[in-house]
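Novice: sequence unknown, structure follows:
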């Protein structure tokens, strides 16, 4: 999983974790500024798949064929970076929970991460990361802050 911080004006909010086949999935184009033109083009793997009069596109029952790189575009405000939509089979026993279920964030937005079991418990789990140099470290060492069972951080320029 990859979280991304952006300085641009447009991001695509999509699930950060794999979604289960058959679930409904909504992709939301989010803008830092406003426009009277809400018409949004949605692309999958570089090809236009849908034009919506709002900032959202819903896939009513996602399937493995829906997996791919998505982005959105507004003629007045620009285009989002691509975001990977992963489609899995069964739900995992434990997973990483992101406070806002998306992989793209505007610069200086806050995000909280926690590990959770299927039953909703996060007791005993820790959030770790690998840096670009391959170093493994816990939240609260040289990045993030441990707050209860969560790891909180503020995104910055990449």
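Specialist: Sure, I can see it. The model shown is predicted, which means the values in this text are computed figures rather than measured ones.

Novice: which secondary structure element of the chain has the lowest mean pLDDT?
Specialist: Scoring the helices and strands of the chain by mean pLDDT, DSSP states H and E places strand 4-6 at the bottom, with a mean of 49.

Novice: residue 79 bridge partners, please.
Specialist: Going by DSSP bridges, residue 79 is paired in beta bridges with residue 73.

Novice: my read: residue 130 touches residue 138, true?
Specialist: No. Using CB atoms under 8 Å, residue 130 makes no contact with residue 138, being 11.7 Å away. Backbone N, C-alpha and C define where each C-beta goes, glycine included.

Novice: who has more neighbours, these two?
Specialist: Each of residue 130 and residue 138 has its neighbours counted (other CB atoms under 10 Å); residue 138 has more, 14 against 9.

Novice: was I right to think that one contacts residue 126?
Specialist: Yes. Between residue 138 and residue 126 there is a contact at 5.8 Å, judged by CB under 8 Å.

Novice: what residue of the protein is the furthest out?
Specialist: Note on the chain: the largest C-alpha distance from the chain mean falls to residue 36, namely 25.7 Å (CA atoms, centre = their mean).

Novice: any weak-confidence spans in this protein?
Specialist: 1-8, 89-94, 101, 117-124, 155-158 (pLDDT under 70).

Novice: go with 90
Specialist: 1-11, 13-23, 30-38, 76-77, 83-84, 86-158 (pLDDT under 90).

Novice: picking that back up, how much space between the residue farthest from the centre of the chain and residue 79?
Specialist: Distance, residue 36 to residue 79, by CB to CB, to the nearest Å: 19 Å.

Novice: likewise residue 109?
Specialist: With the distance defined as CB to CB, residue 109 ends up 19 Å from residue 79.

Novice: ok now do residue 128, which residues does it touch?
Specialist: 136-139 (CB atoms under 8 Å, 6 or more residues apart in numbering).
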